[in-house]
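> No letters, just coordinates:
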């Protein structure tokens, strides 16, 4: 069995055109924090983490590691949340039952949308070595971005 890793975050889509690939990641108190790109009208209702498993998994080549819903804070609703813990979500539908992988995907689901979009994968070694200020996140590509810059990637409808 070949296991590869990445980070998948589940969100609903209000944007037109291609999805941005730059999601932000950082460590806070040993937990991975995700900053998912959002339009002002979007809210996050759940999150999941996965690993890619060649020829196996949940029918799509991915094995779900953790799944949660019911955001506990306005920050989580706005797309900034902890993964693989109960810190950001009130309902843990699937607790993390394995050691935190060094690389994994994160998925977020937006309110009113059943579709998921995927980010680049979280590489914990890369995230751990990043020197970031309070509002900075590291993308999979190694770029440091603020929360505002992450959201600005979205093409959102005018309201």
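Cool, got the structure. Computed from a predicted model, the values in this text were never measured in an experiment.

> Show me where the protein dips below the pLDDT cut-off.
Across the chain, residues meeting the criterion (pLDDT under 70) sit at 1-21, 54-60, 115-120, 159.

> Now do the strands in it.
3-4, 24-28, 31-35, 44-53, 62-71, 80-82, 89-94, 103-110, 122-123, 136-138, 144-146 (DSSP state E).

> The third one: which residues count as buried?
Of the residues in strand 31-35, those buried under the neighbour-count criterion (16 or more other Cβ atoms under 10 Å) are 32-35. Every C-beta, even on glycine, is put in place using the N, C-alpha and C of the backbone.

> ok so, going back, any chance of the strands of the chain in JSON lines with distance to residue 152 as columns?
What follows is these, written out as JSON lines (distance: least, Cβ to Cβ, whole Å):
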{"stretch": "strand 3-4", "distance to residue 152": "30"}
{"stretch": "strand 24-28", "distance to residue 152": "12"}
{"stretch": "strand 31-35", "distance to residue 152": "12"}
{"stretch": "strand 44-53", "distance to residue 152": "18"}
{"stretch": "strand 62-71", "distance to residue 152": "22"}
{"stretch": "strand 80-82", "distance to residue 152": "15"}
{"stretch": "strand 89-94", "distance to residue 152": "26"}
{"stretch": "strand 103-110", "distance to residue 152": "17"}
{"stretch": "strand 122-123", "distance to residue 152": "21"}
{"stretch": "strand 136-138", "distance to residue 152": "13"}
{"stretch": "strand 144-146", "distance to residue 152": "9"}
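
> and of those strands, who's closest to residue 153?
When the strands of the chain are compared by Cβ to Cβ, strand 144-146 sits nearest residue 153, at 8.6 Å.

> give me every residue that touches residue 32.
25-26, 82-84, 106, 122, 124, 127 (Cβ atoms under 8 Å, 6 or more residues apart in numbering).

> ok, so of the residues you listed, who is nearest residue 150?
Closest to residue 150 out of those is residue 25 (10.4 Å), distances taken as Cβ to Cβ.

> wouldn't that closest one be in contact with residue 31 here?
No. If you go by Cβ atoms under 8 Å, residue 25 and residue 31 don't touch, sitting 11.0 Å apart.

> Overlap of the contact sets of the two?
Shared contacts of residue 25 and residue 31 (Cβ under 8 Å, 6+ apart): none.

> what about stretch 105-121, how long is it end to end?
Criterion Cα to Cα, to the nearest Å; first-to-last residue distance in stretch 105-121 is 5 Å.
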